[in-house]
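predicted model follows, preceded by the sequence.
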Amino acid sequence: MLAGRNLLSPSDFTAEELDELFALADDIIDRPDQYRDICRGKLLATLFFEPSTRTRLSFEAAMHRLGGSVFGFSDAGSSSATKGETVEDTIRMISCYADVAVMRHHIEGAPQAAALYTAIPLINAGDGGHQHPTQTLTDLYTIRTAKGRLHDLTIGLCGDLKFGRTVHSLIEAMGRYTGITFYCISPRELVLPDYVISQMDKNPNITYTQVERMEDCLDKLDVLYMTRVQGERFADKDEYLRLRDCYILDPAKMALAKEDTIVLHPLPRVNEITPEIDADARAYYFTQAQYGMYVRMALLVKLLGAEDPDSQVGGAKWHRRPHAQLVQSENPDHTCPNPKCITNAEPGLPRRFEKLGSGWRCRYCDSQLGR
Amino acid sequence: MLAGRNLLSPSDFTAEELDELFALADDIIDRPDQYRDICRGKLLATLFFEPSTRTRLSFEAAMHRLGGSVFGFSDAGSSSATKGETVEDTIRMISCYADVAVMRHHIEGAPQAAALYTAIPLINAGDGGHQHPTQTLTDLYTIRTAKGRLHDLTIGLCGDLKFGRTVHSLIEAMGRYTGITFYCISPRELVLPDYVISQMDKNPNITYTQVERMEDCLDKLDVLYMTRVQGERFADKDEYLRLRDCYILDPAKMALAKEDTIVLHPLPRVNEITPEIDADARAYYFTQAQYGMYVRMALLVKLLGAEDPDSQVGGAKWHRRPHAQLVQSENPDHTCPNPKCITNAEPGLPRRFEKLGSGWRCRYCDSQLGR
Amino acid sequence: MLAGRNLLSPSDFTAEELDELFALADDIIDRPDQYRDICRGKLLATLFFEPSTRTRLSFEAAMHRLGGSVFGFSDAGSSSATKGETVEDTIRMISCYADVAVMRHHIEGAPQAAALYTAIPLINAGDGGHQHPTQTLTDLYTIRTAKGRLHDLTIGLCGDLKFGRTVHSLIEAMGRYTGITFYCISPRELVLPDYVISQMDKNPNITYTQVERMEDCLDKLDVLYMTRVQGERFADKDEYLRLRDCYILDPAKMALAKEDTIVLHPLPRVNEITPEIDADARAYYFTQAQYGMYVRMALLVKLLGAEDPDSQVGGAKWHRRPHAQLVQSENPDHTCPNPKCITNAEPGLPRRFEKLGSGWRCRYCDSQLGR
């Protein structure tokens, strides 16, 4: 049951819940008029502590097309955050005004912290380099809709695999389906981090190969997922210049791909896909952006329980709400090792760790302690 | 009759008008669905020349929940103000587009100046250190709703009483009711300004005591109104550090309060109320924030005359509107002594003074001349 | 047929299409309630890469008063443009979400570039010093409505005629009507550019005289169009100070004008029209601002084809849209000479030139090559 739930990470939803969400997205695409007033009277708060036009506009368009309304802020400079207000107090205030909230923050774990105190469904729109679940849901929906399935697929992941948040998340999400093969295409300096490799090693659903050149695998791919190689990630500028052109998808490389390969990109693209590719039927990145609005529409409907006219989900409840349970830390000496974690920015926040093997994992930002 | 009126200062409304407003807020809380379309087709303009997320979001949520729409700007950098446009011209333009406007400005008296030229109801959302009437109305509503009355109350005001705009305004507003006792809790450096003390001295409704420690009066208070003590206000850093902990409300101090004391704070709070207090039934600051939305909903309905379907209040009237009367200064030699007053920023604005004892008071920012 | 069209320049509409637009604006002013839901369910995207409060608020109010919704961004710092995304990719994304878009950009030709790739109607809200068509349409509507006609008029253009975009555009638009006389009132340093003089020389509809003082022609004018003389345009500060007061419209000068002269100004005004003029019945600049909202309302209705309930105009079409035709440059050696042209900021954009006499004109920014 998705009504009243939060979405902080793609793994918050089971595979069945994802199917339910995607089936609704299909129906919204087929019969948009059925949904044009389904969220009438409902308010979405967009809490963008760091700017992100694409994601914000996608959510706003989604809510409007459901008949709902939107308010919020688009960067932290214009919010009380500059006065030192915690995200917990912000979400408690927002729970007084809105029915559902979307939060984007540069500090990892911030939406997870807010989720402890929210009285309304909360969606993570991106927290630092940690998670961006609606991007992953959009990627899955695009693959599932273009290919008809999410199992038995060969997927090329290309570009910056080291820092690429959307790539790590896609690997984790696809890992729930059987028969997945990844070709990991990147310069040596930007290979997947060890913890991701290790996640893949342990997962019998996944087979993977690391290559340095797109040409080495293009003829095998059902899906090619492109990301930007950013010059600033390279210590060695010559290395960057040498490898940069290997990661530009142009008609010459596209000619090596299969007839039914689809090309995805979370956008914005700068030069890593040349404009001639846009006219190729296999270019799916703009369709992917469009599906992103429908996936967010389905998500808002489900989290608000809007298909049920008696739904009690939402904010602005006049009565005194029960206060959030304060969660005790497992071990008062544990401190999250990630300097970018919300618990190091807001010392009043209870630290929470869960056991992971012989060590612990921070419940906000997933960083590991003591292993 | 509130339709078509402006709200620049809490004293613009009589006590009877406040009762009418509060009774409507009660009804909106009890029967929200009755009001969900009452402002349909109406447009609120949010003119925030300085940012203030909390106040802005509270107004926007209020208008949306009445079925209305919102547009505007959230800081002056993105407005024509940077080209030197006066607030008078801004409000004349806005009167062409919107039905009601909310203005927040760093220059004192700016909303009062705009009110000379507006053709639509105008609400002051805060002008410099001068007024913030909807905060005061929210504070009054919270006290009246939690305590059942606004007379015969003992109220502790704690923190920065020297610069605390909301405190000065609450004193003035409560001064209309009989049997009010204030405990003014602050460091010596941050006591109430002389003009406020003098206002209280002349008002038979008010008794007051100045103390330095919360512990000295907590057991007597019906209401405790907390504000932030800001380090930057202190010349002497050691003084600040010495006194700062006296003004933090924690469970130890809370234990000294009465069973039915309520704790208010205009928010955002930083550290002056510890998070453990949030779970105490006497913590009313989040309920206060929620009431703020309902008070603003009632205010918008009343100023727009929205309960009357034939209401003529609003903008976008196609005919040529009569031009504002230019008001002549009583004495052409008078200049407002306040360097932050709007009349010193916009020399074309007519200066207006009214007699106050043997001197004069500036009609925009209330500063006194020649006494 | 205006449904599905773009508006990049005033000359995109024929004189008949303008009549159709203005007749609709008349009807919206007369019967606003007929139009209050005509755009219900439609979404306007406001893409303001540079801020412009007046224009943006005018469009937003227009869309709301038609029952539509609005989303977007109000300056480029908060958009993906800072990551290097082209305007073409931005508009393709927006075409997935919105039904109509308004774009303002500091780079000349940017909306024209976006128009190559848009799937929804696109309105130019101002591109650098190049065009600002809805301002011109508003100016025409105001003149036509106040005077009852657009032909046989004597129009004074006053102030900064060299850089004044709205003045150049008004000259070009009025040039379609017969019997037009212009008095061009400016300092020698700010006379009309040669290409505009030349345009007027070739047009039998237009007669013009260049003068330096307002007093020399005020008694002949049907319309006086004021613009700001900006100090920063002058190399010689003394020259600026000497001439500045000639261009301030005050009651003394107004006394020289005809009884039925109307005074227009695109606003914001700073000091070039003194506040006493505001009360004069001939001051039309605030009515002009109001008409601006009605003209934009009519424009949105027409471009969306909203008068037709079966209109297919709009975005968010779920099917794969045909990709834009790439337009080939006439001559691969041609480069636009304007450093501010979009083709010099985005090298991937196809350069397009059309023949103009013995030379060429850039199709984006209208700069001339090889003459």
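Thanks, I have it.

checking A:Tyr117 next. Helix, strand or coil?
For A:Tyr117, the secondary-structure state derived from DSSP: H, G, I helix; E, B strand; the rest coil is coil.

can you report how many residues neighbour it?
Number of residues near A:Tyr117 (other Cβ atoms under 10 Å in any protein chain shown) recorded here: 23. Where C-beta positions appear, they are placed from N, C-alpha and C, glycine not excepted.

what's near enough to touch it?
Neighbouring residues of A:Tyr117 by Cβ atoms under 8 Å, 6 or more residues apart in numbering or on different chains: A:88, A:91-92, A:95, A:324.

now A:Arg188
Neighbours of A:Arg188 in contact, by Cβ under 8 Å, 6+ apart: A:Glu212.

and it, its phi and psi?
In terms of degrees, to the nearest 10, the main-chain angles of A:Arg188 are phi -60, psi -30.

helices along the stretch 51-200 of chain A, start to end?
Defined through DSSP state H, counting those that start in this stretch, the helices belonging to the stretch 51-200 of chain A, from first to last, are A:53-65, A:87-97, A:110-115, A:133-147, A:165-174, A:194-202.

quick one: A:Leu190 and A:Asp160 touch, right?
Yes - here A:Leu190 lies in contact with A:Asp160, judged by Cβ atoms under 8 Å, at a distance of 5.0 Å.

picking up where we left off before, which of the contacts of A:Tyr117 lies closest to C:Asp75?
Using Cβ to Cβ, A:Ile91 is the member of the contacts of A:Tyr117 that lies nearest C:Asp75, at 26.7 Å.

would you confirm that the closest one contacts A:Ala98?
No - counting by Cβ under 8 Å, no contact exists between A:Ile91 and A:Ala98, whose distance comes to 9.7 Å.

out of these two, which sits in the more crowded spot?
A count of neighbours by other Cβ under 10 Å puts A:Ala98 above the other of A:Ile91 and A:Ala98, at 31 against 26.

leaving out the residues flanking it, which one is nearest to that one?
The spatial neighbour of A:Ala98 that comes closest, neighbours along the chain excluded (Cβ to Cβ, 6 or more residues apart in numbering or on different chains), is A:Ala45 at 3.7 Å.

specify the beta-bridge partners of that neighbour.
Beta-bridge pairing of A:Ala45 under DSSP bridges involves A:Phe71, A:Ala101.

so what's it up against?
Contacts for A:Ala45 (Cβ under 8 Å, 6+ apart) come out as A:70-72, A:94, A:97-98, A:100-102, B:57.

A:Ser58 contacts A:Met293, correct?
Yes - using Cβ under 8 Å, A:Ser58 is in contact with A:Met293, at 5.2 Å.

which residues are in contact with both of these two?
In terms of Cβ under 8 Å, 6+ apart, A:Ser58 and A:Met293 are both contacted by the residues C:Tyr97.

about what we covered before: now, among the contacts of A:Tyr117, which is nearest to chain C?
A:Ile91 (21.8 Å; Cβ to the nearest Cβ).

for chain B, see how far away the residue of the stretch 1-150 of chain A at minimum distance from chain C is.
Ranking the residues of the stretch 1-150 of chain A by distance to chain C (Cβ to the nearest Cβ) places A:Ala61 first, at 3.6 Å. Distance, A:Ala61 to chain B, using Cβ to the nearest Cβ, to the nearest Å: 16 Å.

how about the contacts made by that residue?
Neighbours of A:Ala61 in contact, by Cβ under 8 Å, 6+ apart: A:293, C:43, C:71, C:97-98, C:316.

in CSV: the contacts of A:Tyr117, plus pLDDT.
Supplementary listing: those in CSV, determined by pLDDT from 0 to 100:
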residue, pLDDT
A:Glu88, 89
A:Ile91, 94
A:Arg92, 91
A:Ser95, 94
A:Ala324, 33
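
same question for the strand or helix carrying A:Glu17, mean pLDDT?
Take DSSP states H and E as the rule and A:Glu17 turns out to sit in helix A:15-30. Per-residue pLDDT over helix A:15-30 has a mean of 95.

what about that helix, near chain C?
Yes - judged by Cβ under 8 Å from any Cβ of the partner chain, helix A:15-30 comes into contact with chain C through A:29-30.

buried stuff in that helix?
Judged by neighbour count using 16 or more other Cβ atoms under 10 Å in any protein chain shown, the buried positions of helix A:15-30 are A:18, A:21-22, A:24-26, A:28-29.

now do stretch A:187-202
Within stretch A:187-202, the residues scored as buried using 16+ other Cβ under 10 Å are A:187, A:190-192, A:196, A:199-200.

likewise for stretch A:301-312?
Within stretch A:301-312, the residues that qualify as buried by neighbour count (16+ other Cβ under 10 Å) are A:301-306.

restricted to helices, list those.
A:301-304 (DSSP state H).

give me the nearest residue to the residue of the stretch 101-250 of chain A found nearest chain C, chain neighbours excluded.
The shortest separation between the stretch 101-250 of chain A and chain C is 8.6 Å, found at A:Arg228 (distances taken as Cβ to the nearest Cβ). Setting aside the residues directly before and after it, A:Arg228 is nearest to A:Glu272 in space (Cβ to Cβ, 6+ apart), at 5.5 Å.

how many neighbouring residues does that neighbour have?
18.

now do the contacts for it.
Going by Cβ under 8 Å, 6+ apart, A:Glu272 touches A:159, A:226-229, A:247-249, A:265.

for the residues you listed, which one is nearest chain B?
Nearest to chain B among the contacts of A:Glu272, counting by Cβ to the nearest Cβ, is A:Arg228 at 29.0 Å.

may I ask you to confirm that the closest one belongs to a strand?
No - secondary structure of A:Arg228, determined by three-state DSSP: coil, with no strand assignment.

surely it touches A:Gly159?
Yes - with contact defined as Cβ under 8 Å, A:Arg228 and A:Gly159 form a contacting pair (6.0 Å).

so which of these two has more stuff around it?
Looking at A:Arg228 and A:Gly159 with other Cβ under 10 Å, you find the greater number of neighbours at A:Gly159, namely 25 against 21.

neighbours of the closest residue in space to that one that isn't next to it in sequence, how many?
In this structure, A:Gly159 finds its nearest non-sequential neighbour in A:Thr227, 3.6 Å apart by Cβ to Cβ, 6+ apart. A:Thr227: 23 surrounding residues under other Cβ under 10 Å.

and stretch A:271-282, how far out from the chain middle?
Here stretch A:271-282 is found 24 Å from its chain centre; the criterion is Cα atoms, centre = their mean, to the nearest Å.

now do stretch A:333-347
Per Cα atoms, centre = their mean, the centroid offset for stretch A:333-347 relative to its chain is 22 Å.

helix or strand with the lowest mean pLDDT in chain A?
The least trusted helix or strand in chain A, going by mean pLDDT, DSSP states H and E, turns out to be strand A:353-356, with a mean of 69.
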